[in-house]
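>>> sequence unknown, structure follows:
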């Protein structure tokens, strides 16, 4: 079946602009995660949704970052007033939401470049 | 919070040899330890995971061991093949539906 998809695959923007990154999870997965991966580093947790609500947003670096999942499926990560330091690959993952047997499946990521 | 350290950062082996990657974690509450393989331009792909109620798990050429007392876990790849070349990440979490804390990665090169 289809895996996690993310659009766009690449996004180039100018400093100060607003961007939206989209994630389509695997059908039926109730849990959705956003991570950020800088060059040469491991993914870093940003936010986790269980259904429509953000269960843990402790990884969001500041209030310029916001994410929504209004219908419990597709999620959008929104970044306001982008800075050069926001340049990274933004990864989305989804899982069934069963804490005893879960597996997080990752999408291919969106590479964000802030000029 | 949890901190995961991973070693080595790069590893080069001859095809057919074994490769071992080691990770340590700091939070004794962690109970779930997955390993991901990431190829260039792609997202991480789960290759094996282990939960704290077992000490070892094997899947064909890949095995993972966990020592909860010492707070470390290791990935073992036997009979390495060139297609095993990639970056490998370990991670730790309270459970598999919780946020994953990743190590910094190991770049594995398998020389033909």
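Nice, thanks for sending it over. Since the structure is predicted, the reported quantities are computational estimates derived from the model, not experimental observations.
>>> what residues are up against residue B:86?
Shown in contact with residue B:86 (C-beta atoms under 8 Å, 6 or more residues apart in numbering or on different chains): B:37, B:38, B:39, B:107, B:108. C-beta here means a position set from N, CA and C on the backbone, and glycine is covered the same way.
>>> count of neighbours near the closest residue to chain A within chain B?
Shortest chain B-to-chain A distance, computed as C-beta to the nearest C-beta: residue-wise this is residue B:102, at 3.2 Å. As a burial measure, residue B:102 scores 24 neighbours (other C-beta atoms under 10 Å in any protein chain shown).
>>> thought it was touching residue B:91?
Yes: in this structure, residue B:102 sits in contact with residue B:91. The criterion is C-beta atoms under 8 Å, and the distance is 4.7 Å.
>>> hmm, who's touching stretch A:59-68?
Residues lying outside stretch A:59-68 but in contact with it, judged by C-beta under 8 Å, 6+ apart, are A:34, A:44-47, A:49, A:54, A:57, A:75-83, B:99.
>>> and the buried ones among the residues you listed, selectable in ChimeraX?
Entered in ChimeraX, the line below selects the buried ones among these, by 16 or more other C-beta atoms under 10 Å in any protein chain shown:
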select /A:34,44,45,46,47,49,54,75,77,79,82 /B:99
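>>> so of the contacts of stretch A:59-68, which ones are in strands?
With DSSP state E as the criterion, strands contain A:34, A:44, A:45, A:46, A:47, A:49, A:54, A:75, A:76, A:77, A:78, A:79 from among the contacts of stretch A:59-68.
>>> so residue A:27 sits right up against residue A:3, yeah?
No: the pair residue A:27 / residue A:3 is not scored as a contact, 10.3 Å apart, by C-beta under 8 Å.
>>> list residues touching both of residue B:102 and residue B:91?
Contact criterion C-beta under 8 Å, 6+ apart; residues bridging residue B:102 and residue B:91 by contacting each: A:42, B:4, B:36.
>>> phi and psi next, for the second one.
Just to be clear, that refers to residue B:4. Taking degrees, to the nearest 10, you get phi -120, psi 130 for the backbone angles of residue B:4.
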